[in-house]
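[1] 3D, please:
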Amino acid sequence: MKVLKTYPEKCISCHVCESTCSSLYFKEDNADLSCIQIHDQTQPTQMNVCNQCQTCVAACPTCAITVNKQGVVMISKSLCIGCLMCVAVCPTDSMRTAFGKHNPFKCIACGACVKTCPADALEIAEL
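    As a prediction, the model looks like this:
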């Protein structure tokens, strides 16, 4: 299974990963639209990202959430009705939603943030 692995002890709270993610997927530099969330009010910094646990898959009433060959949970925007059941059942609060967005979103372990992290606090790993 492919996941985005975090190293909070290395994080320097620069938020470059959030900018990279939101810019790539929403064409907007907005931390609220990032699939990775950095909470730097604590030490070490908390890094919240989907661990691909698949809890959301069973909760989706339209089967819009599936698991690909790499074990990554994916959301079909065309099948999603925006009920947000997946957001409600997510045990890590990693299934995200934002004002004005119909579909929920989450990390798909694409690795874009890994490439831009100046502190090597992120890694794509196979579990």
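
[2] Surely Glu123 touches Val3?
    No: using CB atoms under 8 Å, Glu123 and Val3 do not qualify as a contacting pair, with a distance of 9.2 Å. Bear in mind the C-beta positions are built from the backbone N, C-alpha and C, glycine included.

[3] All the helices of the protein, residue numbers only.
    For the chain, the helices defined by DSSP state H cover 16-26, 55-59, 85-89, 112-116.

[4] now, of those, which is deepest in the fold?
    Highest mean neighbour count of the helices of the chain: helix 16-26, a mean of 19 (counted as mean count of other CB atoms under 10 Å).

[5] Glu123 and Val3: which is more packed in?
    Val3 (20 against 13; other CB atoms under 10 Å).

[6] Identify the residues contacting that one.
    50-52, 71, 109, 124-127 (CB atoms under 8 Å, 6 or more residues apart in numbering).

[7] Test of understanding: give the bridge partners of it.
    Ala125 (DSSP bridges).

[8] Offset the numbering so it begins at 20, please.
    With 20 as the first residue, the last one maps to Val22.

[9] if I look at the residue most central in space within the chain, how far off is Val91?
    By CA atoms, centre = their mean, the chain has its centre lying nearest to Cys126, at 2.6 Å. As for Cys126, its distance to Val91 is 9 Å (criterion: CB to CB, to the nearest Å).

[10] And Val68, by the same measure?
    As defined by CB to CB, Val68 lies at a distance of 12 Å from Val91.

[11] Now for Leu146, how many residues are close by?
    Counted by other CB under 10 Å, the residues lying close to Leu146 total 9.

[12] Need the pLDDT of it.
    On pLDDT, Leu146 comes in at 89.

[13] Now Pro110: closest residue in space, sequence neighbours ignored.
    Among residues not flanking Pro110 along the chain, Thr74 sits closest, at 5.8 Å (CB to CB, 6 or more residues apart in numbering).

[14] you'd agree Met66 is up against Ala140?
    Yes: taking CB under 8 Å as the contact criterion, Met66 and Ala140 are neighbours in contact, 7.2 Å apart.

[15] Residues that sit against both of the two, list them.
    Looking at what touches both Met66 and Ala140 (by CB under 8 Å, 6+ apart), the common residues are 25, 27, 30.
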